[in-house]
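Visitor: generate coordinates for the sequence data below:
(chains A, B and C)
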Amino acid sequence: MPKHHWILTDVARGIWQDSFRCSARDGLGPVAGSTDWSISKRTLRGGLSDGVDVIDVDNGCLSVSILPSRGMGLWRGTCDGMELGWKSPVAQPVNPAFVNAHDRGGLGWLNGFNEWLCRCGLAFNGPPGTDIITRDDGSQIRNEVTLHGRIANLPAHHVEVDVDSDGPGTLAVTGVVDETSMFGSCLRLRSTVRTEVGSNRLMIVDQITNLAGAPAELELLYHTNMGPPFLEAGARFVAPAHDVSPRDNHSGDDVSRYDSYLGPTPGYVEQCYFFDLIADVTGQTVALLRNAAGDKGVSLHFAKKELPGFTLWKCTQAEADGYVTGLEPGTNYPNFKTVERKHGRVVSIAPGATHEVRLEIAIHSSAKMVAVVETKIAEMQRGRPPRLHDDPQAKYL
Amino acid sequence: MPKHHWILTDVARGIWQDSFRCSARDGLGPVAGSTDWSISKRTLRGGLSDGVDVIDVDNGCLSVSILPSRGMGLWRGTCDGMELGWKSPVAQPVNPAFVNAHDRGGLGWLNGFNEWLCRCGLAFNGPPGTDIITRDDGSQIRNEVTLHGRIANLPAHHVEVDVDSDGPGTLAVTGVVDETSMFGSCLRLRSTVRTEVGSNRLMIVDQITNLAGAPAELELLYHTNMGPPFLEAGARFVAPAHDVSPRDNHSGDDVSRYDSYLGPTPGYVEQCYFFDLIADVTGQTVALLRNAAGDKGVSLHFAKKELPGFTLWKCTQAEADGYVTGLEPGTNYPNFKTVERKHGRVVSIAPGATHEVRLEIAIHSSAKMVAVVETKIAEMQRGRPPRLHDDPQAKYL
Amino acid sequence: MPKHHWILTDVARGIWQDSFRCSARDGLGPVAGSTDWSISKRTLRGGLSDGVDVIDVDNGCLSVSILPSRGMGLWRGTCDGMELGWKSPVAQPVNPAFVNAHDRGGLGWLNGFNEWLCRCGLAFNGPPGTDIITRDDGSQIRNEVTLHGRIANLPAHHVEVDVDSDGPGTLAVTGVVDETSMFGSCLRLRSTVRTEVGSNRLMIVDQITNLAGAPAELELLYHTNMGPPFLEAGARFVAPAHDVSPRDNHSGDDVSRYDSYLGPTPGYVEQCYFFDLIADVTGQTVALLRNAAGDKGVSLHFAKKELPGFTLWKCTQAEADGYVTGLEPGTNYPNFKTVERKHGRVVSIAPGATHEVRLEIAIHSSAKMVAVVETKIAEMQRGRPPRLHDDPQAKYL
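Guide: The predicted structure follows:
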């Protein structure tokens, strides 16, 4: 039985599994020699979480809880006993039915924000406002834009699970989420989370298809959010960079310390930096958060061509308010959409075409593992430190 | 057992049937000699459809899926192997919990729009804006109005099913939907969809009751939306009309072609026409959409007194964007409510009173059946073609 | 078995009881000698109520239906055969997923308003608008405020039930509701409704904890809403008061009749009065609504220090529109938040600290019982009638 395939949800075909579990103990046997793996589905009940589906994938080393109900975001996980995620003031996953994106002047997205990884997009991300497009004839299209877009608050209408015991042994969960509207942007996300049994990493493969009859704009940013044990006083951010630019003057004041973290600091005001990362000869780049001792780390791996923008969000406020840092690779920077369009950083997808983006996340539980990534980054940096800007740069304004 | 009656939902009395099915095979036997009929209920799970109830009525010839969760709209159907409905970019029925009417500057209704028939109303329909009523003393009441009103995104709190094997044999589903608020408009829709076994038609009987202690305004428009096989290049709209007026100049440019359709046309910009229809001696009127060959058609039948407004919406854009035309009888035209009030086209219902509207839909699967309707319309037109206006007319402004 | 404890809901721990019932007949035996008590849970299905949990507590004399899905509000009850509550145009409890607080220009709260008791708060209550706080440095924080805040439309994520057969025999239901957001106010309500077996009263104990890392503002008002048989033509409001001030000029016109009620009056425009109540030597105060004959009454009992504001809302409009009066003790008056802040009536809670408020409601089913409360109030008033103001007073503006 090398390959197993299950469909858990398919609205169009009326398929729905109230619960699901597959594992070695469920008669499927070992995968890649391990019996210590499972994939299961449950539904949260009560509070703002009522009706939220959770798919727990455990490869024996790394486990992650996927939220089909919230745009295939990754709620949280564990790896080698370390927690993956952070403690948001919004304690549990929120059913999108309870999220009003227009609350708080277009900041309502924050009412449901607590994932380890959530997507910002697909038609737009960044701050709220009115996105005005002026046509050649001078007429204008006005689109109301809310913080970080719709995708994190849209549930998957199709979910499937794959187990492949061939080769390294792979566990995969795929969800399909439509961000569509009549007379509006019509984009489909097909997201697969894949992990090899016993490994310390997972791969996200996202395919975004333009379902519409005209070219579509895409903005996609991966808001990965890290707390302890990776984030702590003295933790460091490490990435190969050409230059580092502050989002605002407040961030610019501390640009020289962009890569180091404070402990929980009541009253801390968030700082944000935009990066032009260095890619290696294969086009890949990497971003690492490591703890103070350098024996715990989490790193992101992706092709710079697919995710040319990278934003670092530092939010080391009091633990009660959400002590967190965001490592955010994106097709764009999370500026207001008109800014990104002006600088040519909004992806265009032809009618019916599909745009693919891959993001790998690896967890490092020893000084040796962290050092491997740091060494790789140092090699990419080639001894030339990134240029640090004190002021917001024109290319981000 | 001539008459059967079931209550599927009644919130006030705590009645709820998770699923339901009645048919000849369920021991009920033939109706009007036919065993080929059924009524069943199911609930969609997953995606934006999670929790949407669907009641499928099949009379052996015509079947229709009713959505109690969406204001008793008709999602889609089939008749003699022909599909009834259209392909919206919003693929599946959307639970109103996920629809924010205030999204997109008051156009959020479009995020859930995909029915074959949905109602626009009840307190208002037409475009969004601020409806300002100036009282005699000069003071003003301001109401925020969103596109096409609330009713299509309100679930029925009472649902019942009736099967009557007497006479022609009738299947009926009734739902009660409250559009109420403290200090707001308080209207109740009691809608019955009725069809005779083996027939090609269904009758909608809607009773709107003013639950409030003061007179209420009503705007009710039936947004019936047709795609292939009725809509295609060369398809035609046929209705007896005194005159035809464009909604805007863009529509006016093509008023001479108001009754003919293009195939799917990427970049097509919707056009809209307002009709003053001709009624026959019994007060009835009719509107027909027929395919190019004239061997498939769908027609609406109603009393002009009950539905004096008629709007034709032509939206022959790319299939991916929603290739569709709307035949829209209404108590009013879908202009901004102040326009309709100014022209005396808003219905007033006395406290406790009920306003009834009936709409019949018939499906025609042969040239002969289509010709019968066309002949009837030609007779009503009496050889005098409708007056076509190039410009928007004052009575619609 | 003196004490029983059940957890019905706990999202964080994955605890959920689809239904629940405990009573003497369920093997628990008598409490305080009575077998005529029960606590049970059910979930409403259909309409706007779909998914609303109801916990019915019956002490043998008084029963009340608690709504964990709506911020632990009290939907309705009965006592000695008398109905507790009122008839809102919104007939059944509304799942918050269907309530858009931003509807109707920020008045969307009214679309779900029908409880006997609901809370207004926690971060703000009163009318909608933009709450602007000017910092010392001249910079401003802008918060969009909607009518009466979020708490009544937030579901409890933890619910527990306690039965204590010791002493008087106590039934209690506790719910925990989080009103939190990233970068927003983070308040937790832990509310217990407690009643003694066979008694005519219930006690609400609310603990509001500031979960954030900085001081938090709290506005909490108990919107208790009474209809017949307590409210009727000739019914009277009785409370010990230093002074009574109208909210507006329209209310001021009738300030001399502030304490008497009309029967259902179509076209009646609501009137509102602010009270400075008199407390007794223990700090307690009381407010009573009694029917015309003085043989039925409902009274609120609370510490003036905990709930220094008291508002009387008179809304004796037609029954169809909601014939109701509100007795509303609060930490503040339901003015726009900036007004309350200016007058020092917004509670501040230190980080991690908890603010407790207790409110007792008693039902009186005889002239004797009503007279006891009236006598107590007369003693507190000490023969000096309250000062009645014709005009809105500066301390409320």
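
Visitor: if A:Asp178 is in a bridge, with which residues?
Guide: Beta-bridge pairing of A:Asp178, defined through DSSP bridges, involves A:Arg188.

Visitor: my guess is it contacts B:Phe98. True?
Guide: No. In this structure, A:Asp178 is not within contact of B:Phe98 by CB atoms under 8 Å, at 11.6 Å. Any C-beta I mention is one placed from the backbone N, CA and C, and that applies to glycine too.

Visitor: joint contacts of those two?
Guide: B:Leu48 (CB atoms under 8 Å, 6 or more residues apart in numbering or on different chains).

Visitor: what about the helices in the stretch 251-397 of chain A?
Guide: A:337-342, A:367-381 (DSSP state H, counting those that start in this stretch).

Visitor: out of those helices, which is closest to A:Ala292?
Guide: helix A:367-381 (11.4 Å; CB to CB).

Visitor: rewinding a little: of the helices of the stretch 251-397 of chain A, which stretch is the most buried?
Guide: helix A:337-342 (a mean of 19; mean count of other CB atoms under 10 Å in any protein chain shown).

Visitor: can you name the residue of the stretch 51-200 of chain A nearest chain B?
Guide: Going by CB to the nearest CB, chain B is nearest to A:His157 of the stretch 51-200 of chain A, at 2.9 Å.

Visitor: and that residue, how far is that from B:Asn95?
Guide: 12 Å (CB to CB, to the nearest Å).

Visitor: may I have the beta-bridge partners of the closest residue to A:Asp58 other than its chain neighbours?
Guide: Nearest non-adjacent residue to A:Asp58, counting by CB to CB, 6 or more residues apart in numbering or on different chains: A:Ser38, 5.0 Å away. A:Ser38 forms beta bridges with A:Ser23, A:Asp58, as assigned by DSSP bridges.

Visitor: A:Ser38 touches A:Ile55, doesn't it?
Guide: No. With contact defined as CB under 8 Å, A:Ser38 does not count as touching A:Ile55 (10.8 Å).

Visitor: please say which of those two ends up with more neighbours.
Guide: A:Ile55 (24 against 20; other CB atoms under 10 Å in any protein chain shown).

Visitor: for the more buried one, list the residues it contacts.
Guide: Shown in contact with A:Ile55 (CB under 8 Å, 6+ apart): A:8, A:20, A:39-41, A:65-68, A:159, A:161, A:173.

Visitor: tell me, how many residues neighbour A:Gln92?
Guide: Close neighbours of A:Gln92, defined as other CB under 10 Å, add up to 18.

Visitor: list the contacts of it.
Guide: A:Gln92 neighbours (CB under 8 Å, 6+ apart): A:44, A:47-49, A:114, C:11-12, C:157.

Visitor: of the residues you listed, just the buried ones, PyMOL syntax please.
Guide: Restricted to buried positions by 16 or more other CB atoms under 10 Å in any protein chain shown, the PyMOL selection for the contacts of A:Gln92 reads:
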select buried, (chain A and resi 44+47+48+49+114) or (chain C and resi 11+157)
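
Visitor: let me see the domain layout of chain A.
Guide: Chain A breaks down by automatic domain parsing into domains covering A:1-220, A:221-330+A:366-397.
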